[in-house]
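Chemist: Could you work out the structure for the sequence below:
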Amino acid sequence: MTFKKLIRFVFILFFIVGMRCHVSAQSFQSVITHSLSSGDINELFKNLDKRVQVSIDSKTGSYSNNQAEIILKNYLSPMFQKRFFILKQGSAKNNDADFYIGTLKCCNGEEYKVYIYSRNVSDLQLIQEIRIEKK
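Modeler: Coordinates of the predicted model:
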């Protein structure tokens, strides 16, 4: 293999890997947005880590993913979500963690600020922390 072919191969490899990570982050963002907008939060629960820090209106605790799912369902199910949109998102310097900050608007006019912190594990984004605060 010539040097030019090697450089071309390495460039293409990095491009493909970079696109895969970008698509993965985009699809996770879509899961968050769709789950919280539609009220169908079961898809979001598939991405909970083994332990999840849950904060709802200044009540905080560390729970197993099953416990966190029950707590979040009990809190979010009575709400009639209208729209969720992400205001800000970012990644850690080494791309092993991401955060999303958004606003959840409900049909009754109430608004909530939602923070989601996730870490990247084997091409999966696992939610480690969810905070929901009434505005």
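Chemist: and the spatially closest residue to Leu126 that is not a sequence neighbour, what does it touch?
Modeler: Of all residues not flanking Leu126 in the chain, Asp49 sits nearest, at 4.0 Å (C-beta to C-beta, 6 or more residues apart in numbering). For glycine as for every other residue, the C-beta is placed from the backbone atoms N, C-alpha and C. Counting by C-beta atoms under 8 Å, 6 or more residues apart in numbering, Asp49 makes contact with 65, 118-119, 126-128.
Chemist: which of the residues you listed are buried?
Modeler: Buried subset of the contacts of Asp49 (neighbour count, 16 or more other C-beta atoms under 10 Å): 65, 118, 126-128.
Chemist: circling back: can you pull the phi/psi pair for the residue nearest to Leu126?
Modeler: Asp49 adopts backbone torsions of phi -70, psi 180, taken as degrees, to the nearest 10.
Chemist: Then Lys46?
Modeler: According to degrees, to the nearest 10, Lys46 has phi -60, psi -20.
Chemist: quick one: it and Ala92, what's the gap?
Modeler: 22 Å (C-beta to C-beta, to the nearest Å).
Chemist: Downstream of the one helix or strand in the chain whose mean pLDDT sits lowest, the next helix or strand is which one?
Modeler: Here the helix or strand of the chain ranked lowest by mean pLDDT, DSSP states H and E is helix 3-38, holding a mean of 62. Once helix 3-38 ends, the next helix or strand along the chain (criterion: DSSP states H and E) is helix 42-45.
Chemist: From the rest of the structure, what touches that following helix?
Modeler: 31-32, 34-36, 65, 69, 72, 127.
Chemist: Now with 10 Å, please.
Modeler: In this structure, residues lying in contact with helix 42-45 by C-beta atoms under 10 Å, 6 or more residues apart in numbering are 28, 30-32, 34-36, 52, 65-66, 68-70, 72-73, 76, 116, 127, 130.
Chemist: Run through this structure and note the low-pLDDT ranges.
Modeler: For the chain, the stretches with pLDDT under 70 are 1, 3-26.
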